[in-house]
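S.K.: predicted model and sequence follow; I will ask about them next.
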Amino acid sequence: MSGLLTLTLQANALIVPLYCAYIIMLNIRATRKLLWHTFLYGGLAILIVTPWLVRSYSYFEDIRVLRSMGMSLTFEQLSYFGSLGRAVKRNAITQEKQKELGFINNSLSQKDMIKHSLNGGYLRMADSLDALAGTSASDKARTPKNLTHRINRYLRGLIYYVTPRISFGGMYSMVKTYLFALLALLGVPVILKYFLKLRFIWPLLVFHLFMALRFGDESRRLIFMHYLVATFASITILYAYEKLRKRNIRESSQAVN
Amino acid sequence: MPKMIGYNPEYVAYNAEVYTLDTHGRSHEFPMWEKLYLKIIQALLDALSVFVVYLMLVRFVDKRKALATALMLGCFTAFLGVYALLLRETLQLFLMLLLSYWMIRYYDSRHVKHIIGGGG
């Protein structure tokens, strides 16, 4: 599963070392088993990803393509999108122009996307957009300006850890967000209660914490957490319902007596 | 029903007017008539995800409670409606839940076959 997960999103590769640590933690007293299981787990994950990497290398014939694991959404392309966003924010270009440039880029073939990434095309376009918008180096690095900004950013990430984004297009409307905020309040205490028993998902909790702090704005990346919260909220609701039912039965039997 | 599964006819007309560029349906802002079957597959994957959650829950609570919880979860996640958009997250979530399932099995047994499931 870890190998397949890495193929769905490059960042998921981080799950592999986290689960390796989990396997080591479970077998800390059996060194031979520890080594064999960790090696097998990591090796299988790499084995599953290897054919895709070989395909990417043989298609583009440039080792640098492996930095993005052969996927066309490269770091350079992300820089370009970031510059587009900043240029709109600073009114250097209109939103319509941003969409048009985005769509022109999307209509490129994968080979062209990789080509522009490797020959510096995207970075040159990003630089000219930044120059047009007068973006400073610190803005480009997305470095929070001061402590308040930093705390604000991390807190926002932590909120999205358990609750979907406040509003985003048609996917997460306000109603849905508030429903999940309520679910989060119900689910979190139960998760804390079962925390030790949930050892098998500790690596995923750590992974999603990292994702929340890095990509909190894109809360769909944290959907596993939202499912987890909803599951434990359901358990809370179920326990509350049973408790209420038992109390009603007790009260009605007392009334009959 | 079409709106429930993420299809909005007005959206098609709007986008056809505004965007003339052919983007091969890459962006999820674009109409996806022909990709409706993919959304159905995503909905099925979402249902399977709920089933995997049930399989894990029976290890914590009794079968009846696990079933009720899974059904409630199904309602909540249908409301979230991620499968209505063509995104990798549905598949990713399903794989993550399967990974969790293999790892809970590994935690119980420490057997090598569960490592194979988790690693693959």
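M.R.: Received the coordinates, thanks.
S.K.: for the residue nearest to A:Ser2 when sequence neighbours are not counted, what are its contacts?
M.R.: If the residues on either side of it in the chain are set aside, A:Ser2 comes closest to A:Ala45, at 4.3 Å by CB to CB, 6 or more residues apart in numbering or on different chains. Any C-beta I mention is one placed from the backbone N, CA and C, and that applies to glycine too. Residues in contact with A:Ala45, defined by CB atoms under 8 Å, 6 or more residues apart in numbering or on different chains, are A:Ser2, A:Gly3, A:Thr6, A:Val16, B:Gly119, B:Gly120.
S.K.: give me the neighbour count for the fifth one.
M.R.: Yep, that's B:Gly119 we're talking about. Here the count is done by other CB atoms under 10 Å in any protein chain shown, and B:Gly119 has 27 residues near it.
S.K.: could you do the first one as well?
M.R.: For A:Ser2, the number of neighbouring residues by other CB under 10 Å comes to 30.
S.K.: hmm, A:Val16 and it touching each other?
M.R.: Yes. Shown here, A:Ser2 and A:Val16 form a contact pair, counting by CB atoms under 8 Å, at 5.2 Å.
S.K.: quick check: neighbours shared by those two?
M.R.: With contacts defined as CB under 8 Å, 6+ apart, the residues adjacent to both A:Ser2 and A:Val16 are A:Tyr41, A:Ala45.
S.K.: contacting residues around stretch B:91-110?
M.R.: Against stretch B:91-110 from outside (CB under 8 Å, 6+ apart): A:1-2, A:4-5, A:8-9, A:12, A:15, A:19, A:22-23, A:26-27, A:33, A:199-201, A:204, A:223-224, A:227, B:42, B:45-46, B:48-49, B:52-53, B:55-56, B:59, B:82, B:111, B:114-115, B:117-118.
S.K.: tell me the buried residues within the residues you listed.
M.R.: Applying a neighbour-count criterion of 16 or more other CB atoms under 10 Å in any protein chain shown, the buried members of these are A:1-2, A:4-5, A:8-9, A:12, A:15, A:19, A:22-23, A:26-27, A:200-201, A:204, A:223-224, A:227, B:42, B:46, B:49, B:52-53, B:55-56, B:82, B:114-115, B:117-118.
S.K.: now, the contacts of A:Ala45 that are in helices?
M.R.: In this view, those that belong to helices under DSSP state H are A:Ser2, A:Gly3, A:Thr6, A:Val16, B:Gly119.
S.K.: now pLDDT and distance to A:Ala212 too, for these, in TSV please.
M.R.: Output for these, formatted as TSV (pLDDT from 0 to 100; distance: CB to CB, whole Å):
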residue	pLDDT	distance to A:Ala212
A:Ser2	83	20
A:Gly3	85	24
A:Thr6	88	20
A:Val16	91	19
B:Gly119	74	26
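S.K.: nearest to chain B: which residue in the stretch 101-250 of chain A?
M.R.: Of the stretch 101-250 of chain A, the residue with the smallest distance to chain B, taken as CB to the nearest CB, is A:Ser234 at 3.9 Å.
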